[in-house]
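Participant: Pasting a predicted model and its sequence here:
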Amino acid sequence: MILYLYLASAVFEIRYLTSRERTYIIVVVPARYRELYVRSFARCRASRYRIRIRYVPPYVAIIKPDIILAGKSGKIIDLIEQNGFEILRLQKGQLSKEMSEVFYDEHKEKPFFNELVDFIAPAPIIIMALQKENAIADWRKLMGATDPAASAPGTIRGDLGVEITENLIHGSDSSLSAERELSLFFEND
């Protein structure tokens with residue numbers, strides 16, 4: 001049997017696993033295409049092929065005021081795309097002081113909490129929902145260490161960062177954080 005598959009450029013990865021009786025085709029796709037692929041592959045169920053669609057959860061990244069005010073946010077967005085991230089949503093705006101406090105709630109008891117809130121609240125930011133296989137690890141590698149002085153060359157903070165408190169960008173540190181941040185910033189999706 002010949003199986004013809006039309007796959008959009010949104011597919012992250014295709015894997016073939018073969019056992020004695022069946023060939024499994026595993027297609028890793030962004031969440032927004034999942035239902036489309038499930039419907040497209042439904043007719044393959046009767047064949048010797050089994051299709052598995054794997055969901056890749058979205059991730060939150062924020063370009064902070066220091067890089068936007070320096071006019072270099074385009075460089076960050078370009079790096080994001082060059083490193084294989086799909087930008088699902090992008091919006092520019094400002095956070096109120098109250099929203100900033102909710103966003104940085106995990107740092108509430110730390111001495112730098114007020115400095116974080118004051119830095120991000122009054123100025124423009126760009127909030128993005130990104131998607132990629134291994135997004136958290138890859139984004140954290142691309143960002144570099146929080147302290148720009150300790151960041152490797154070739155990372156965003158290593159190449160563009162100046163101060164530890166004004167560290168250019170934010171990325172969710174776990175899937176739980178990503179879920180919380182997605183609900184904060186993209187509540188209607």
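Facilitator: Great, that's in hand.
Participant: Break the chain down into its structural domains.
Facilitator: Per automatic domain parsing, the structural domains of the chain span 13-56, 59-185.
Participant: Any stretches of the chain with poor pLDDT?
Facilitator: For the chain, applying pLDDT under 70 flags the ranges 1-55, 187-189.
Participant: Show me where it has its strands.
Facilitator: Using DSSP state E, the strands assigned to the chain run over residues 13-18, 23-30, 49-56, 59-63, 86-94, 124-131, 169-171.
Participant: Do I have it right that residue 130 meets residue 139?
Facilitator: Yes. The pair residue 130 and residue 139 qualifies as a contact (C-beta atoms under 8 Å) at a distance of 7.0 Å. For the C-beta atoms, the positions are set from N, CA and C on the backbone; glycine is no exception.
Participant: any shared contact partners between those two?
Facilitator: Residues touching both residue 130 and residue 139 by C-beta atoms under 8 Å, 6 or more residues apart in numbering: 59, 61, 85.
Participant: with these in mind, which one is nearest to residue 119?
Facilitator: When the shared contacts of residue 130 and residue 139 are compared for distance to residue 119 (C-beta to C-beta), residue 61 wins out at 17.1 Å.
Participant: What is the burial count for that closest one?
Facilitator: Neighbour count of residue 61, defined by other C-beta atoms under 10 Å: 25.
Participant: Same check on residue 97?
Facilitator: Neighbours of residue 97 using other C-beta under 10 Å come to 12.
Participant: didn't it look like it was pressed against residue 116?
Facilitator: No. Look at residue 97 against residue 116 with C-beta under 8 Å: they stay out of range, at 11.4 Å.
Participant: what are the ranges of the helices in this structure?
Facilitator: Using DSSP state H, the helices of the chain run over 34-41, 65-69, 73-82, 97-103, 113-120, 135-143, 156-160, 175-185.
Participant: Residue 80 against residue 61, yeah?
Facilitator: Yes. Under the criterion of C-beta under 8 Å, residue 80 makes contact with residue 61 at 7.1 Å.
Participant: Please enumerate the shared neighbours of the two.
Facilitator: With C-beta under 8 Å, 6+ apart as the test, residue 80 and residue 61 both reach 128, 130.
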